[in-house]
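S.K.: Next one to model:
(2 chains)
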2 protein chains.
Amino acid sequence: MKKPLILVSNDDGITANGIKLLVELMKELGEVIVIAPDSPQSGMGHAITVGNTLRLSESHIFDGVKAYQCSGTPADCVKMGKGFALKDRKPDLVVSGINHGSNTSISVIYSGTMSAALEGAIEDIPSIGFSVCDHNMEADFSHIVNHLLKIVTQVLKTGLPKGVALNVNFPAKGKEPIKGIKICRQTRAKWQEEFDRRVDPTGRQYFWLTGNFINQDKGEDIDEWAIANNYTSVVPVSFDLTAYHAISTLNKEWDI
Amino acid sequence: MKKPLILVSNDDGITANGIKLLVELMKELGEVIVIAPDSPQSGMGHAITVGNTLRLSESHIFDGVKAYQCSGTPADCVKMGKGFALKDRKPDLVVSGINHGSNTSISVIYSGTMSAALEGAIEDIPSIGFSVCDHNMEADFSHIVNHLLKIVTQVLKTGLPKGVALNVNFPAKGKEPIKGIKICRQTRAKWQEEFDRRVDPTGRQYFWLTGNFINQDKGEDIDEWAIANNYTSVVPVSFDLTAYHAISTLNKEWDI
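M.R.: Model (predicted):
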């Protein structure tokens, strides 16, 4: 059987430990090509580079793996893979991560990791974003290896529904092994921002965006419940943002 | 009756003609506060500024309107409005735009204009992004005024379903007036990227992202159909990316 072609990207940048582990794992399953940002791109959401130029250059940091570093966002990386680096070859799978930090709940919309996966889905390629709920760049990810390989193997076997990518979050390493894998919905929660105001050496004010995560969603079918209870969460996500249920409401209510 | 508090932002930057017109129109309907990027932020998707600092300073470019320019993204602007500039006051409405260029179909996911509106919806504030399908920064927007005011007045009156923002696109100015307003779904289409490769004066390659819009969606309930037929399109959009229909599929198919 022909080895699947697997495109790997991330948002922590090409030198992060998370992508290093992901590349090692994907080498066991297929032919790997890496196109990842040359610097950290956390919080970039689905940004793309318009009105500015892009750089792409070969990188040799992964043994025996063709790799490129790109000056753009994670979404740019997947676009450059498709439109330039891979030329006529379409990947069988796009994987993004492994992100150092959670991308559960509303964070999916701010996530560079997930934008690479969604960009793959837009191209009709089965695509998965992986995150570990631990922001430490040196965190031990060994506890997730079995689940990650299980999920990728499953997706390579059965594909994914059209227009759907997967947002996979793993709990941080604890005393117990992860209990299992749960298919979840996105938690209805949000960030309560606070702005840490400071003054620079010239006397001008500047701000750091900080905040607390506020979850009032009590469901047990949500990604936050899965993580809090030491399960791996898998949320199928869509790039079609249409709120279909609202179409009939607006048609009824509006006097247009 | 108390005047509604209307927060205005955009992604073309605080000096663009589109936001100038939007501010003028909103002044007729309520108390206006502007928080907009200090430079163009097109294509920024739902990016936020993490790992870097933010600047916010007062601007006096709108007569009689409290305004701030922000160094961050459109989503940052709404966050700073809520978390800093407005302190304890919650806007009754967030409006974003008027964008110079289309945000129909898949472009909604790359759109800075729409990220400001979605950020408002995350905060449970009725929110609308406005775009005109004309990239010219000097384009005449006079033909959209009636529809824009009609939509804002409707939303101020009846609100919006929970978790839903509106993505409003107007056709470019033509010979005929716009025919009407259609509630639509997001067109299932995508961009076929091309990378224009060039060489800089030092001999290193760089790229411009370009591309063509490929629409194979033949529906007449889509935003692209509305625009092509000289209607204003209104797509209700959600920040919950969960592909609910895929949850049962995965639970059935997966052997986990």
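
S.K.: tell me the mean pLDDT for stretch A:166-176?
M.R.: Averaging pLDDT along stretch A:166-176 gives 97.

S.K.: So what would you say the end-to-end distance of it is?
M.R.: Counting by C-alpha to C-alpha, to the nearest Å, you get 25 Å between the two ends of stretch A:166-176.

S.K.: Could you list the buried residues of that stretch?
M.R.: By neighbour count on 16 or more other C-beta atoms under 10 Å in any protein chain shown, the buried set for stretch A:166-176 is A:Leu166, A:Asn167, A:Val168, A:Asn169, A:Phe170, A:Pro171, A:Ala172, A:Lys173. Just so you know, the C-beta spots here come from the backbone N, C-alpha and C atoms, and that holds for glycine as well.

S.K.: Which ones among those lie within strands?
M.R.: A:Leu166, A:Asn167, A:Val168, A:Asn169, A:Phe170 (DSSP state E).

S.K.: Can you tell me the closest non-neighbouring residue to the second one?
M.R.: What that stands for is A:Asn167. Nearest in space to A:Asn167, with sequence neighbours left out and distances taken as C-beta to C-beta, 6 or more residues apart in numbering or on different chains, is A:Val235 at 4.4 Å.

S.K.: Could you check how far the one you found is from A:Ser107?
M.R.: 11 Å (C-beta to C-beta, to the nearest Å).

S.K.: Those two - which one has more neighbours?
M.R.: Shown here are A:Val235 and A:Ser107; by other C-beta atoms under 10 Å in any protein chain shown, A:Val235 has more neighbours (30 against 24).

S.K.: Check which helix or strand the more buried one maps to.
M.R.: Under the criterion of DSSP states H and E, A:Val235 resides in strand A:232-238.

S.K.: Output the contacting helices and strands for that strand.
M.R.: helix A:112-122, helix A:145-158, strand A:164-170, strand A:181-183, helix A:223-228, helix B:244-253 (3 or more C-beta pairs under 8 Å, 6 or more residues apart in numbering or on different chains; DSSP states H and E).

S.K.: and of these, who's closest to B:Gly64?
M.R.: helix A:112-122 (39.5 Å; C-beta to C-beta).

S.K.: Beyond that closest one, next helix or strand please.
M.R.: strand A:127-132.

S.K.: And the contacts of that following strand?
M.R.: The contact list for strand A:127-132 (C-beta atoms under 8 Å, 6 or more residues apart in numbering or on different chains) reads A:18, A:22, A:93-104, A:111, A:113-114, A:116-121, A:139, A:141, A:144, A:148, A:151-152, A:155, A:160, A:165-172.

S.K.: do the same with stretch A:145-158
M.R.: With contacts defined as C-beta under 8 Å, 6+ apart, stretch A:145-158 is touched by A:4, A:21-22, A:25-26, A:28-30, A:92-93, A:95, A:98, A:126, A:128, A:130, A:166, A:168, A:170, A:178, A:181, A:232, A:234, B:253-256.

S.K.: do stretch A:218-230 as well
M.R.: By C-beta under 8 Å, 6+ apart, the list of residues contacting stretch A:218-230 reads A:102, A:104-105, A:133, A:167, A:169, A:171, A:174, A:176, A:178-179, A:182, A:184-189, A:215, A:217, A:232-233, A:235.

S.K.: now swap in stretch A:17-31 and tell me
M.R.: A:3-6, A:8-10, A:12-13, A:32, A:34, A:36, A:62, A:64-65, A:92-93, A:95, A:97-100, A:130, A:132, A:137-139, A:141, A:145, A:148-149, A:152-153, A:156.

S.K.: I'd say A:Gln186 and B:Thr242 touch.
M.R.: Yes. A:Gln186 is within contact range of B:Thr242, at 4.4 Å (criterion: C-beta atoms under 8 Å).

S.K.: quick one, which of these two is more surrounded?
M.R.: Under the criterion of other C-beta under 10 Å, the comparison of A:Gln186 against B:Thr242 puts A:Gln186 first, with 26 against 22.

S.K.: measure that one to A:Asn212 for me?
M.R.: With C-beta to C-beta as the criterion, A:Gln186 and A:Asn212 are 19 Å apart.

S.K.: do A:Lys20 as well
M.R.: Distance from A:Lys20 to A:Asn212, by C-beta to C-beta: 31 Å.

S.K.: circling back to that earlier point, quick one, the strand holding A:Val235 and helix A:145-158 angle?
M.R.: Relative orientation of strand A:232-238 versus helix A:145-158 (axes from the mean of the first three to the mean of the last three C-alpha atoms, to 10 degrees): 40 degrees.

S.K.: Strand A:232-238 to helix B:244-253, inter-axis angle?
M.R.: 130 degrees.

S.K.: ok, the closest residue to A:Thr49 other than its chain neighbours - how many residues close by?
M.R.: In space, and not counting its chain neighbours, A:Thr49 is closest to A:Gly72: 4.5 Å by C-beta to C-beta, 6+ apart. A:Gly72 has 25 neighbours, counted by other C-beta under 10 Å.

S.K.: do A:Leu86 as well
M.R.: Neighbours of A:Leu86 (other C-beta under 10 Å): 16.

S.K.: Do you know the pLDDT at the residue nearest to A:Asp124 when sequence neighbours are not counted?
M.R.: Among residues not flanking A:Asp124 along the chain, A:Lys162 sits closest, at 7.2 Å (C-beta to C-beta, 6+ apart). Note for A:Lys162: predicted pLDDT of 96.

S.K.: three-state assignment of A:Lys162?
M.R.: coil (DSSP: H, G, I helix; E, B strand; the rest coil).

S.K.: What of A:Lys20?
M.R.: helix.

S.K.: same check, this time on the one 4 residues further on
M.R.: When the structure is reduced to helix, strand and coil (three-state DSSP), A:Glu24 reads as helix.

S.K.: Report the contact partners of the residue nearest to A:Ser96 when sequence neighbours are not counted.
M.R.: The shortest distance from A:Ser96 to any non-neighbouring residue, by C-beta to C-beta, 6+ apart, is to A:Ala116 (3.8 Å). Shown in contact with A:Ala116 (C-beta under 8 Å, 6+ apart): A:Ser9, A:Asn10, A:Asp11, A:Pro74, A:Ala75, A:Cys77, A:Val78, A:Val94, A:Ser96, A:Ser127, A:Gly129.
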